[in-house]
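Peer 1: Below are the sequence and a predicted model; questions follow.
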Amino acid sequence: EEREREEREEREEREESRGSTEVIVQRYITSPLLIDRRKFDLRVYLLIARTDPLLAFYHDGYLRIAIEPYQASQFSNRFAHITNLAVQKLHPNFHHSRERQVWSFDHFRAHLAAQVGGGAGEEDESRDMLGENARDSETSASDILESRVKPQIKGCLRAALLSAHRDLDKRKGAFSLLGADLVVDSSYNVHLLELNKNPDLELHTRVLQQLLPPMVQEALNIVLEAHQGDGTRTPRCVEGFEHLYDESEDRRA
């Protein structure tokens with residue numbers, strides 16, 4: 001009888017342990033959109049200017065391009081698969097190639113326009129992936145980033161934001177600037193990889209030197225204005241940031 005009791009307790013402990021284990025399952029994107037045969041991801045910014053009522057903004061960021069060509073079968077090559085600069089800067093050639101590994105959104109926009117606008121090979125494949133939208137006279141090739149990619153980015157960020165809304169610190173004056181990492185696949189679908197608090201603000205390329213200081217300054221201006229008065233106003237000092245979500249509009253509705 002004692003033996004049976006011990007076995008029952010062991011089974012209960014295993015079941016309890018199994019039920020409390022939380023895991024995250026991610027699907028690896030094996031067919032990413034490539035630039036010169038290299039994988040890249042997007043780093044953009046999510047500003048939570050206020051938590052109650054929730055007010056959030058989006059800001060364009062930059063591309064991080066792998067130094068080595070992408071081959072889906074070679075998972076051991078971190079410099080081809082992991083585009084994070086914390087990994088890429090360990091490559092012996094990073095110091096000499098870092099300006100080529102970090103692109104602005106304007107550079108990316110021009111690249112997409114060139115891919116869809118003409119040429120052969122990679123460009124033809126890109127047009128096929130986009131389908132008739134790429135040939136529609138009302139949809140300029142240069143608008144792919146704005147009309148196809150960015151709406152998906154904002155949709156991912158809005159969904160992530162609202163899923164965590166209840167867990168946000170609702171103190172007056174609370175805010176956060178998050179770095180969001182996303183990947184675009186070969187069919188121009190956007191996938192959210194992760195959200196980072198305290199994103200890296202190191203200025204080790206010209207693109208980052210031009211992007212980050214004014215963005216951080218504008219973020220602080222937005223936050224300060226968002227918390228003035230009764231803490232429900234919508235800031236008017238918005239330039240580079242784009243509106244993402246305003247809970248006060250829902251409340252007024």
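Peer 2: Yep, that arrived.

Peer 1: what residue ranges in the stretch 51-200 of the chain are flagged as low confidence?
Peer 2: 117-142 (pLDDT under 70).

Peer 1: mind running it again at 50?
Peer 2: The stretch 51-200 of the chain contains residues with pLDDT under 50 at 119-125, 127-129, 131-139.

Peer 1: Can you show me the helices along it?
Peer 2: 78-81, 85-88, 94-101, 105-117, 122-130, 144, 150-163 (DSSP state H, counting those that start in this stretch).

Peer 1: can you list contacts of the first one?
Peer 2: Right, helix 78-81. 38-39, 66-71, 74-75, 87-88, 91 (Cβ atoms under 8 Å, 6 or more residues apart in numbering). (C-beta placed from N, C-alpha, C; glycine too.)

Peer 1: Nearest residue to Arg206 in space, ignoring adjacent ones along the chain?
Peer 2: In this structure, Arg206 finds its nearest non-sequential neighbour in Glu99, 6.4 Å apart by Cβ to Cβ, 6 or more residues apart in numbering.

Peer 1: Show the contacting residues for the one you found.
Peer 2: When contacts are counted by Cβ under 8 Å, 6+ apart, Glu99 touches Thr205, Arg206, Val207.

Peer 1: one step back: dump the helices of the stretch 51-200 of the chain into a markdown table; add distance to Leu201 as well.
Peer 2: Listed next are the helices of the stretch 51-200 of the chain as a markdown table, based on distance: least, Cβ to Cβ, whole Å:
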| stretch | distance to Leu201 |
| --- | --- |
| helix 78-81 | 23 |
| helix 85-88 | 12 |
| helix 94-101 | 16 |
| helix 105-117 | 17 |
| helix 122-130 | 33 |
| helix 144 | 29 |
| helix 150-163 | 19 |
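
Peer 1: so which of those helices gets nearest Leu192?
Peer 2: With Cβ to Cβ as the criterion, Leu192 lies closest to helix 150-163 of the helices of the stretch 51-200 of the chain, at 4.1 Å.

Peer 1: quick one: the lengthiest helix in the chain to helix 94-101, angle?
Peer 2: Longest helix in the chain, counting residues (DSSP state H): helix 206-226. Here helix 206-226 runs at an angle of 60 degrees relative to helix 94-101 (axes from the mean of the first three to the mean of the last three Cα atoms, to 10 degrees).

Peer 1: by contact count, what packs against helix 206-226?
Peer 2: strand 38-51, strand 54-65, strand 102-104 (3 or more Cβ pairs under 8 Å, 6 or more residues apart in numbering; DSSP states H and E).

Peer 1: nearest to Ser187, of those strands?
Peer 2: strand 38-51 (15.2 Å).

Peer 1: what's that closest one packed up against?
Peer 2: Secondary elements touching strand 38-51 (3+ Cβ pairs under 8 Å, 6+ apart): strand 54-65, helix 78-81, helix 150-163, strand 176-184, strand 190-197, helix 206-226.

Peer 1: Just the buried residues of that strand, please?
Peer 2: Neighbour-count burial for strand 38-51 flags 38-51 (criterion: 16 or more other Cβ atoms under 10 Å).

Peer 1: what about the longest helix of the chain, distance to the chain center?
Peer 2: Centre-to-centre, helix 206-226 and its host chain are 17 Å apart (Cα atoms, centre = their mean, to the nearest Å).

Peer 1: Going along the chain from it, find the next helix or strand for me.
Peer 2: Remark: after helix 206-226, the chain's next helix or strand is strand 242-246, criterion DSSP states H and E.

Peer 1: ok, and for that following strand, which residues are buried?
Peer 2: Counting neighbours by 16+ other Cβ under 10 Å, strand 242-246 gives Leu244, Tyr245, Asp246 as buried.

Peer 1: Next, the residue nearest to Asn221 when sequence neighbours are not counted: phi, psi?
Peer 2: Using Cβ to Cβ, 6+ apart and skipping the chain neighbours, the partner closest in space to Asn221 is Cys237 (4.8 Å). The phi/psi pair for Cys237 (degrees, to the nearest 10) reads phi -90, psi 30.
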